[in-house]
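In: requesting a structural model of the entry that follows:
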Amino acid sequence: MTTSQPQQQRQKGLPDVQRIITDHDSDGKAVVSTDIPSQAVWQPIGPAADFFLGYTTRTFPVVFKDAQDSGIAPLPQDIKTYKEDMVTPPGLTISTGTVLRYVDMAPNALSPMHRTVSLDYGIVLEGEIELVLDSGETRLMKRGDVCIQRATNHAWRNVTANGGWARMVYVLIGAEKVDVGGKSFEEDLGDMPGVRASD
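Out: Numbering: from 1, shown residues only. Below is the predicted model of the structure:
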């Protein structure tokens, strides 16, 4: 597995991002959690992309109560499982929960054609991305555009002008296996380097 590295190790010309997690204090007031640092930690996926695992959940609905363990200060269940996923990242999706992931794509990069068994909201944050479907159909996506990916076979191409890096953020929600016209489809990661099969 590829080790995580801070974003600044690749010169991408993209803004830093932080992940801020809220919680409750003992009086029930909203506070910013200090259990996980807010700084993004990026995992290189070959030469063409970097992933930042922004958050994960393993249940739906999400469980907020404290995890049952022998720790001095127990963590809420969702924060505990996310901390575990930061150490051992899941596949692209979690069948029983959700994944929030940032993806930075190198100039002119084309992802492998792939399919996840999930409902994905993919939003362009920086640059321009071309959605490529296995039918040959394509759509250009610009900053702020969203693709609702319904377990279809697809790829992403960075077509940002002047050869810049591009960034998308994805929310992936576990789904049932895809069955179209009596044909069943499962996850297919193509030849995506450093990414394991989903849970």
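
In: most remote residue from this structure's center?
Out: residue 27 (33.0 Å; C-alpha atoms, centre = their mean).

In: now residue 99: which helix or strand?
Out: Taking DSSP states H and E as the criterion, residue 99 maps to strand 98-105.

In: output that strand as PDB, nothing but the C-alphas.
Out: Below are the C-alpha coordinates for strand 98-105, written out as PDB (Å, rounded to 0.1, in the frame of the first residue of the first chain):
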ATOM      1  CA  THR A  98     -20.300   6.600   3.000                       C
ATOM      2  CA  VAL A  99     -17.000   7.900   1.800                       C
ATOM      3  CA  LEU A 100     -15.900  11.600   1.300                       C
ATOM      4  CA  ARG A 101     -12.900  11.800  -0.900                       C
ATOM      5  CA  TYR A 102     -10.900  14.500  -2.600                       C
ATOM      6  CA  VAL A 103      -9.100  13.600  -5.900                       C
ATOM      7  CA  ASP A 104      -6.400  15.700  -7.400                       C
ATOM      8  CA  MET A 105      -5.600  14.800 -11.000                       C
END
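
In: what is the subsequent helix or strand relative to it?
Out: Using DSSP H and E, the helix or strand that directly follows strand 98-105 along the chain is strand 118-126.

In: who does that following strand touch, helix- and strand-wise?
Out: strand 146-150, strand 166-174 (3 or more C-beta pairs under 8 Å, 6 or more residues apart in numbering; DSSP states H and E). (Each C-beta comes from the backbone N, C-alpha and C, glycine too.)

In: quick one: closest of the ones you listed to residue 96.
Out: strand 166-174 (5.6 Å; C-beta to C-beta).

In: outside of the closest one, which residues touch it?
Out: The list of residues contacting strand 166-174 from outside it, by C-beta atoms under 8 Å, 6 or more residues apart in numbering, reads 14, 54, 60, 92-105, 116-129, 156, 158, 160.

In: now do the same contact list for the residue lying closest to residue 60 once chain neighbours are set aside.
Out: Counting by C-beta to C-beta, 6 or more residues apart in numbering, residue 97 is the residue found nearest to residue 60 once chain neighbours are left out, at 5.8 Å. Residues near residue 97 by C-beta under 8 Å, 6+ apart: 56-60, 62, 174.
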